[in-house]
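J.: With the input below, show me the fold.
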Amino acid sequence: MITRRTFLHRAAQAGIAAAVSPELFAWVQSHPRALSLDPQPLRIPPVITGGDLTLAPGTFRVYPDVETNLLLINGSFPSPTIKIRRGDTFAATVHNQLAEETVLHWHGVDAPAAASGHPIDVIATGSSYSVSFPIVQRASINFYHPHPHMATARQVYMGMAGFFLIEDAEELAMGLPSGEYDVPLMVQDKRVDANRQLIYNPTGADIMSAWLGDTILINGTPNPFLAIAPTLYRFRIVNASNGRFYKLALSDGSVFIVIGNDGGFLDAPTSVTSVNLAPAERLDVLIDFSRYAQGQSVTLKSLSFTFSDAPGSGAVPQGAELNLLEFQISKTGTSGGTIPTTLPAIIPHTVADAKRTRVWTFAALHHINDLQYDLTRIDAHVPFGDLEQWTFQSEGANTHPVHVHGGQFQVVDRDGNPPDVHERGWKDVIRLDPFGKVNVLMKFDKYPGLFVIHCHKLEHADAGMMANFQVDPQSGVDESAADASSLDIIPNPAADATNLHFPTLRSDESLTVVNARGATVVKETLSAGTDRYLLLTNGLASGTYTIELGRLTARLLVMRADAALCR
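T.: I've put the predicted structure just below:
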């Protein structure tokens, strides 16, 4: 039974969604800003394999008649597409020429913790850092974007996001459309003023609902069209919007084929007439245009749907019908691609094999497990290599796209029902419905270290809907005895010194402090019987460090006023 107090609490958390009036819908249909512009050819971002990535303010001709002020990576909007093959090594150097700190997160990519783009690893303006790690996962559609705490939403919104595509031999042998017939589509919504400049000034209502734009950009292109031939095409789609959900469909209701999602190929091709796409979710889609004649066109749309979230301040509500991209059949040629009848096998996890269940609750006041995000607090210790069932539970009327760094999961059910067909296989983002529950099976078996779980409505994450978890390198950690198996750092961040507290040592143990480059900067031997240690940090540069004591590890942030943040 829901008491009056509970009802009022939940209503205050989520807000009561206002009904969308017919007048507003009429305005939306007749006055979307992009439609005041002639159709624009779809922009395709440049392709790189890594190297230098320079983050800097700049201008870009989003509209044909004016330069728009943006934050850019290598001067491109969207950011360059990174394309790399499994087995290769991804190497890049990130240069921060912004007027603020930042860090890049390789969303969906299996990367070591120190290279994955945790908010604690931000670098100051004028600084650089390098990452290098092997690509160890199957072919998949990923993307990359900034991840500084409390500034992710604005930095992504202002232009910094790009594809990170991983290919492998199995995919390349499948005969899928390639070259010009393999098209990346990054979907974003923006608010644009009369001078064609982006608007970003979220109110409290927007922070509750997430920032919603009134202009759709596909690959940074307003009112886009793509000239195509009547043949089979492949589209790799990412929803890089701050908070808008989409229900993708073709304007004539035709069937299309979904072959993959966040973590790569599904277990079988799936024919659909519409499919949902939450913020940060990805889809791998095949569309056969051979049914259309020269001169015809069909539009990729977002169909209307109902949504319980608060409306925010935007003119175009969540769930409004939107035109995304017009396909104009005006070219000749054939892709030579085929629709696969089978896809690479996925070995399913089994609930019975899960060693424990871990619950993460999401409240609309931007808390996870009733806590607002603390950059230095570790909210959970997760044993490396153990299969766990994670339960995502909503405690409000908001819809949350839940994203987990450091690994991928398989969806068991949503509110006791099987997941949607496109949610089979491997995922790193899942839609959590209002007052709903999603069960997933999760195993971290690539890298130990510090990662985050958060809502990918970016305004929610910036406001505190995020939590740290530590993947411990040893297996079998009993979290109920966390106090007996933890390495605590007080204070953290530290300036000149910090205290380490740990279980009493039964034998002599080696204490090491490793910087973000993997170099050991402190090494001491602590005697049996010791349970604390004063670590002097006045000789360390500002930055992040890993402290190792036997099988215990912890992350330390050094912030010194007299030293530049470095990596």
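
J.: Quick one: the helices in this structure, in order.
T.: Counting by DSSP state H, one finds helices in the chain at the ranges 4-14, 22-30, 152-157, 169-172, 204-209, 458-462.

J.: for the lengthiest strand in the chain, packing partners?
T.: Secondary structure of the chain per DSSP state E: the longest strand is strand 51-63. With contacts taken as 3 or more C-beta pairs under 8 Å, 6 or more residues apart in numbering; DSSP states H and E, strand 51-63 sits against strand 66-73, strand 89-96, strand 221-222. For glycine as for every other residue, the C-beta is placed from the backbone atoms N, C-alpha and C.

J.: Which one of those strands lies nearest to Phe164?
T.: Of all these, it is strand 89-96 that lies closest to Phe164, at 8.6 Å by C-beta to C-beta.

J.: by contact count, what packs against the closest one?
T.: strand 51-63, strand 81-85, strand 128-134.

J.: tell me the most buried of these?
T.: Greatest average neighbour count among the helices and strands packed on strand 89-96 goes to strand 81-85 (a mean of 18), per mean count of other C-beta atoms under 10 Å.

J.: Mind listing the strands it pairs with, and their directions?
T.: Paired with strand 81-85 in the same sheet, following DSSP bridges, are strand 47-48 (parallel), strand 162-167 (parallel).

J.: will you turn these into a markdown table that also has mean pLDDT?
T.: Below are the strands paired with strand 81-85 laid out as a markdown table (pLDDT from 0 to 100):
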| stretch | mean pLDDT |
| --- | --- |
| strand 47-48 | 98 |
| strand 162-167 | 98 |
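
J.: Turn these into JSON lines, including distance to His367 and mean neighbour count.
T.: Output for the strands paired with strand 81-85, formatted as JSON lines (distance: least, C-beta to C-beta, whole Å; neighbours: other C-beta atoms under 10 Å):
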{"stretch": "strand 47-48", "distance to His367": "39", "mean neighbour count": "16"}
{"stretch": "strand 162-167", "distance to His367": "30", "mean neighbour count": "22"}
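
J.: Could you dump these into TSV with distance to Phe305 added?
T.: Listed next are the strands paired with strand 81-85 as TSV, based on distance: least, C-beta to C-beta, whole Å:
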stretch	distance to Phe305
strand 47-48	34
strand 162-167	26
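
J.: Now do the strands in the stretch 451-567 of the chain.
T.: 466-472, 488-490, 497-501, 509-515, 520-526, 532-536, 543-549, 552-558 (DSSP state E, counting those that start in this stretch).

J.: thinking again about what came up before, what comes into contact with the longest strand of the chain?
T.: Residues from elsewhere that reach strand 51-63 (C-beta atoms under 8 Å, 6 or more residues apart in numbering): 37, 67-77, 80, 91-99, 102, 104, 146, 159-160, 196, 217, 220-222.

J.: Which PyMOL command selects the buried ones in those residues?
T.: Here is the PyMOL selection string for the buried members of these, based on 16 or more other C-beta atoms under 10 Å:
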select buried, resi 68+69+70+71+72+73+74+76+77+80+92+94+95+96+97+98+102+104+146+159+160+196+217+220+221+222
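
J.: give me every residue that touches Asn142.
T.: Applying C-beta under 8 Å, 6+ apart, one finds that Asn142 lies in contact with 106-109, 163-166, 262, 282.

J.: same thing but 6 Å
T.: 107-109, 164 (C-beta atoms under 6 Å, 6 or more residues apart in numbering).

J.: Counting neighbours, which of these comes out on top?
T.: Gly108 (27 neighbours; other C-beta atoms under 10 Å).

J.: any idea how far Arg282 is from it?
T.: Per C-beta to C-beta, to the nearest Å, Gly108 is found 7 Å from Arg282.

J.: what do the two both touch?
T.: Here Gly108 and Arg282 have Asp262 as joint contacts, going by C-beta under 6 Å, 6+ apart.

J.: Out of the strands of the stretch 451-567 of the chain, flag the one nearest Asp267.
T.: Comparing the strands of the stretch 451-567 of the chain by C-beta to C-beta, strand 466-472 comes nearest, at 26.6 Å.

J.: The closest one pairs with which strands?
T.: Each strand paired with strand 466-472, and its direction, by DSSP bridges: strand 380-383 (parallel), strand 449-455 (antiparallel).

J.: Please save the CA atoms from the first one in CSV.
T.: Only the C-alpha atoms of strand 380-383 are listed here, as CSV (Å, rounded to 0.1, in the frame of the first residue of the first chain):
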residue,chain,number,x,y,z
ALA,A,380,30.7,-1.6,-3.8
HIS,A,381,33.5,-4.1,-4.1
VAL,A,382,33.0,-6.6,-6.9
PRO,A,383,35.1,-9.8,-7.2
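
J.: chain center to it, what's the gap?
T.: What separates the centre of strand 380-383 from the centre of its chain is 21 Å, taken as C-alpha atoms, centre = their mean, to the nearest Å.

J.: Pull out the buried residues from that strand.
T.: For strand 380-383, by 16+ other C-beta under 10 Å, it's 380-383.

J.: Find the nearest non-adjacent residue to Leu325, please.
T.: Leu300 (4.4 Å; C-beta to C-beta, 6 or more residues apart in numbering).

J.: I'm done for today, thanks for sticking with me.
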